[in-house]
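Novice: sequence unknown, structure follows:
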């Protein structure tokens, strides 16, 4: 086989095997790391983070459980990891997908949704956050790193309630606070009040 054919074959193999590689992290060093915290402001340890698609963004407003969030979410190509500690940094995540082909998949060109939970998986999480952090590529090869901070589009959670010093460097940064699922609502409180009245009447 001629050398030019070998080079062309190797080039074709490397492109087809390369696919789309996306790394997602909030660990940008002491100046920019914006840690994940629970709804009391404590850094999350042992949580989960993943990217993928959300089937119904509107349904995020009426979540009743972590299982509800899990049912709306489809993970992209093994792109998940844990939320925890990395060296001196707390409440951080850093994960990548498996690098498979994205062309022709439902993900190509679609919004990238980042989901985070305080449990070992989304279904067991009692607190969560959801952000839109960009769009999936439409062509390959594609390599990108997405640094998530408070400029991302927040759909669930907040960056306003807490700050955290993520490392030994004396700097307080905005923290991404998870919110409880389900969130207390007026309809829920009314329902609980009605239930308590029924229990009293039966006594």
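Specialist: Ah, there it is. All figures in this text were calculated on a predicted structure; none of them were measured in a lab.

Novice: max-length strand in this protein?
Specialist: With secondary structure taken from DSSP state E, the chain has its longest strand at strand 73-86.

Novice: and the contacts of it?
Specialist: When contacts are defined by Cβ atoms under 8 Å, 6 or more residues apart in numbering, strand 73-86 is touched by residues 20, 22, 24, 27, 36, 43-55, 90-100, 102, 107, 112-113, 115-116, 118, 122, 136. The way it works is simple: take the backbone N, C-alpha and C, and place the C-beta from them, glycine included.

Novice: run the chain-centre distance for that strand.
Specialist: Its chain's C-alpha centre and that of strand 73-86 lie 7 Å apart, by Cα atoms, centre = their mean, to the nearest Å.

Novice: likewise stretch 150-163?
Specialist: With Cα atoms, centre = their mean, you get 12 Å for stretch 150-163.

Novice: name the SS class of residue 59, please.
Specialist: Assigned with DSSP: H, G, I helix; E, B strand; the rest coil, residue 59 falls in the helix class.

Novice: hang on, the earlier thing: now, of the contacts of strand 73-86, which are buried?
Specialist: Neighbour counting with 16 or more other Cβ atoms under 10 Å marks 20, 22, 24, 27, 36, 43-44, 47-54, 90-97, 99, 102, 107, 112-113, 115-116, 118, 122, 136 as buried within these.

Novice: for residue 117, give its distance to residue 40.
Specialist: Counting by Cβ to Cβ, to the nearest Å, the gap between residue 117 and residue 40 amounts to 16 Å.

Novice: wait, residue 120 sits on residue 48?
Specialist: Yes. Assessed by Cβ atoms under 8 Å, residue 120 is found in contact with residue 48 at 6.4 Å.

Novice: what touches both of the two?
Specialist: By Cβ under 8 Å, 6+ apart, residue 120 and residue 48 have no common neighbours.

Novice: check whether residue 50 really touches residue 115, as I assumed.
Specialist: Yes. Assessed by Cβ under 8 Å, residue 50 is found in contact with residue 115 at 5.6 Å.

Novice: need the residues touching each of these two.
Specialist: Here residue 50 and residue 115 have 73, 122 as joint contacts, going by Cβ under 8 Å, 6+ apart.

Novice: read off the pLDDT value for the residue nearest to residue 109 when sequence neighbours are not counted.
Specialist: Among residues not flanking residue 109 along the chain, residue 138 sits closest, at 4.4 Å (Cβ to Cβ, 6 or more residues apart in numbering). Looking at residue 138, its pLDDT is 95.

Novice: for residue 67, helix, strand, or coil?
Specialist: At residue 67 the chain is in helix, as set by three-state DSSP.

Novice: tell me the contacts of the nearest residue to it once chain neighbours are set aside?
Specialist: Once flanking residues are discounted, residue 67 sits nearest to residue 123: 4.6 Å by Cβ to Cβ, 6+ apart. The contact partners of residue 123, taken as Cβ under 8 Å, 6+ apart, are 65, 66, 67, 69, 70.
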